[in-house]
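K.L.:
Sequence and predicted structure below; questions after.
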Amino acid sequence: MSDPSNIIKQIIGKTVKAIRITRGLSQEDLAHECNVDRSYISMIEVGRNEPSVTKIFDLCKGLKIKPSDFFKLVEVEYEKAQENE
């Protein structure tokens, strides 16, 4: 069985990236909105950094998505990953 925390980090990263691209934002744009460095956004998107709940709320604000909607997207992808094991 895969490590759930690693799977969640990957899903969070893919979700952030997908929404960012849909919104037409660069990593630099999102970083500016969230008052973080672009490399921090990159590390989240590739699943190497796990943002805190506070930072997820900041990301959601920058992505113009409600945190509840963001977590629902993550939950759906996590459930898919669990089914595929």
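P.N.:
Noted; the coordinates are in hand.
K.L.:
for the lengthiest helix in the chain, packing partners?
P.N.:
For the chain, the helix that runs over the most residues, judged by DSSP state H, is helix 4-22. Counting contacts by 3 or more C-beta pairs under 8 Å, 6 or more residues apart in numbering; DSSP states H and E, helix 4-22 is packed against helix 27-34, helix 38-45, helix 53-63, helix 67-83. For the C-beta atoms, the positions are set from N, CA and C on the backbone; glycine is no exception.
K.L.:
Recalculate using a threshold of 6 Å.
P.N.:
Other helices and strands packing on helix 4-22, by 3 or more C-beta pairs under 6 Å, 6 or more residues apart in numbering; DSSP states H and E, are helix 38-45, helix 67-83.
K.L.:
just so I know, which of the ones you listed lies nearest residue 11?
P.N.:
Among the helices and strands packed on helix 4-22, helix 67-83 comes nearest to residue 11, with 4.6 Å by C-beta to C-beta.
K.L.:
Put the alpha carbons of that closest one into CSV.
P.N.:
In CSV, the C-alpha atoms belonging to helix 67-83 read as follows (Å, rounded to 0.1, in the frame of the first residue of the first chain):
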residue,chain,number,x,y,z
PRO,A,67,-11.2,26.1,0.2
SER,A,68,-14.1,23.7,0.6
ASP,A,69,-14.2,23.3,-3.2
PHE,A,70,-10.4,22.8,-3.3
PHE,A,71,-10.6,20.1,-0.7
LYS,A,72,-13.4,18.4,-2.4
LEU,A,73,-11.3,18.2,-5.6
VAL,A,74,-8.5,16.7,-3.6
GLU,A,75,-10.8,14.2,-1.9
VAL,A,76,-12.2,13.0,-5.2
GLU,A,77,-8.7,12.4,-6.6
TYR,A,78,-7.6,10.7,-3.4
GLU,A,79,-10.6,8.3,-3.6
LYS,A,80,-9.7,7.5,-7.2
ALA,A,81,-6.2,6.8,-6.2
GLN,A,82,-7.4,4.5,-3.4
GLU,A,83,-9.6,2.6,-5.9
